[in-house]
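S.K.: Provided below are the primary sequence and the corresponding predicted coordinates.
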Amino acid sequence: MEKIIVRGGRQLNGKVRVEGAKNAVLPVIAASILASEGKSKIYDAPALADVYTINQVLRNLNIDLQYENGTVAVDAQKQLKTEAPFEYVRKMRASFLVMGPLLARVGHARIALPGGCAIGSRPIDQHLKGFEAMGAEVEIGNGFIEASVKDRLKGTKIYLDFPSVGATENIMMAATMAEGTTVLENVAEEPEIVDLANYLNAMGAKVRGAGTGTIRIEGVDKLTGANHHIIPDRVEAGTFMVAAAITAGDVLIQNAEPEHLRPLIAKMSEMGVNIEEVEDGIQVTAPEKLSSVDLKTMPHPGFPTDMQAQMMALLLKAEGTGVITETVFENRFMHVEEFRRMNGDIKVEGRSAMVQGPCQLQGAEVSSTDLRAGAALVLAGLIAEGYTRVTELKHIDRGYVDFAEKLKGLGADIERVTDVEERLENLNAPAPLKVNEFGV
Ligand SMILES: CC(=O)N[C@H]1[C@@H](OP(=O)(O)OP(=O)(O)OC[C@H]2O[C@@H](n3ccc(=O)[nH]c3=O)[C@H](O)[C@@H]2O)O[C@H](CO)[C@@H](O)[C@@H]1O
Ligand SMILES: C=C(OP(=O)(O)O)C(=O)O
């Protein structure tokens, strides 16, 4: 088993560059399915496990796809297959994003039902409601969702019960080639939705209003391949902002887009972190003492749920009680148990977690329960006494490129090792020192 081992106590300094956004590149790659003519090139695609998964999903649909040096080249001009098996959907729920484009282009899609996952049950009823409103017939059976439309999807008015990011993207893609106009209301306003709309428009679609609560899509007859640069990853940027702050460091986060990070900048500033918007990114410096804040996760432009676990790590260092309320996912406090193993003082009542700081965190063996939880545990390890070992790295690898290496580049005492390497290291080291150092 691989793990990240981090020894707390180093201040982080220097520069780190953020990659293209995971949550933008996945729907953009899925949207490439729509191009029945021409080829697409998607630049700044991060080398993440999730990107490999969506690439495999497309290859399985009979699409030619190459991924080299951060560029995904897609040629979807051949006749498409329309099935995405459980093997991929199980690894990553965003595989379901191929349903909208397949329905629009081929009129049929059969996708394995995405299972539940650690952060909540995550239904897809809003996606399906949209497809059905546009005339698709949806059947669920044998672990698959099959949707088909006889002729062509029809534009209509769709009101989402909740501004779901995935449902907004899936329905928006389906509507690009529908007959007539689709008006989507109460939609997600995340920057990744705007990025997807920009790509669709570059392909020839007519999408207006992305980034607001109402999106209007005028259907066109066909879409062609286009070139597109993915926006920077605001969650990766935010994670490094917290890394700088928690270690009272001084870090330039290059390629970070402040406009996408307003809620996080506001909350961290309230805590006493100094955040400066500079030409090539965001400079974060922090004093040793920080004060607690309360925060509530909300759809954009509210505080992002994908930064909740990392902020919990920061609140463990701050003075006073901070209350975190998670309103987006019903079960996104799995990391609390792991923080407690590190001596974190956190009480959970319903959807709120009371974080009592400052805590002297202690190194422990902890497990990533989802990708942001994994990153947050590494952040806590940066200030814990002794060694923290974080396992289940497959989660971290879904969302962070070279996470340990990038932190090491900023001065963290951190290694990614396999069990075998760790055992060898223990054998070679003077026994008592190693035993104490590793706190065993
Ligand atoms: C690949 C990607 O972009 N992932 C992001 C996306 O996930 P994802 O698109 O899955 O998240 P959604 O916005 O759809 O989900 C938000 C909430 O809506 C609920 N819901 C969603 C769809 C539906 O049909 N019915 C329903 O009830 C979900 O269970 C959840 O409680 O947005 C989330 C919320 O910002 C982020 O945490 C994820 O990182
Ligand atoms: C929850 C996340 O991603 P996904 O929706 O892909 O599981 C995330 O990026 O934090």
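M.R.: Cool, got the structure. Numbers count the residues shown, from 1 in each chain. Ligands and ions are numbered 1, 2, ... in the order given.
S.K.: Within range of ligand 2, give me the residues from the chain.
M.R.: By the rule Cβ under 6 Å from any ligand atom, the part of the chain lying against ligand 2 is 23, 93-94, 306, 371-372, 399. For the C-beta atoms, the positions are set from N, CA and C on the backbone; glycine is no exception.
S.K.: switch the cut-off to 8 Å
M.R.: Residues of the chain lying near ligand 2 by Cβ under 8 Å from any ligand atom: 22-23, 26, 50, 92-94, 117, 119, 122, 165-166, 235, 305-306, 329, 370-372, 398-399.
S.K.: Also near ligand 1: which of the residues you listed, exactly?
M.R.: Among those, the ones lying near ligand 1 by Cβ under 8 Å from any ligand atom are 22-23, 26, 50, 92-94, 119, 122, 165-166, 235, 305-306, 329.
S.K.: Next, give phi and psi for the residue in the stretch 251-400 of the chain that ligand 2 sits nearest to.
M.R.: Here the stretch 251-400 of the chain gets closest to ligand 2 at one residue, Asp306, 3.9 Å apart by Cβ to the nearest ligand atom. Per-residue torsions, Asp306: phi -70, psi -10 (degrees, to the nearest 10).
S.K.: which secondary structure elements does whichever strand or helix holds Ile282 contact?
M.R.: Here Ile282 sits within strand 281-285, counting by DSSP states H and E. With contacts defined as 3 or more Cβ pairs under 8 Å, 6 or more residues apart in numbering; DSSP states H and E, strand 281-285 has these neighbours: helix 234-246, strand 250-254, strand 274-278.
S.K.: Next, the angle strand 274-278 makes with it.
M.R.: Here strand 281-285 runs at an angle of 160 degrees relative to strand 274-278 (axes from the mean of the first three to the mean of the last three Cα atoms, to 10 degrees).
S.K.: ok, strand 281-285: who's next to it in the sheet?
M.R.: Within its sheet, strand 281-285 is paired with strand 250-254 (antiparallel), strand 274-278 (antiparallel), according to DSSP bridges.
S.K.: who wins for proximity to ligand 1 among these?
M.R.: Closest of the strands paired with strand 281-285 to ligand 1 is strand 250-254, at 19.3 Å (criterion: Cβ to the nearest ligand atom).
S.K.: Model confidence score at the closest residue to Glu365 other than its chain neighbours, please.
M.R.: Nearest residue to Glu365 in three dimensions, chain neighbours excluded: Arg389, at 4.6 Å (Cβ to Cβ, 6 or more residues apart in numbering). Looking at Arg389, its pLDDT is 97.
S.K.: any idea whether Arg389 is helix, strand or coil?
M.R.: Put simply, Arg389 is strand when judged by DSSP: H, G, I helix; E, B strand; the rest coil.
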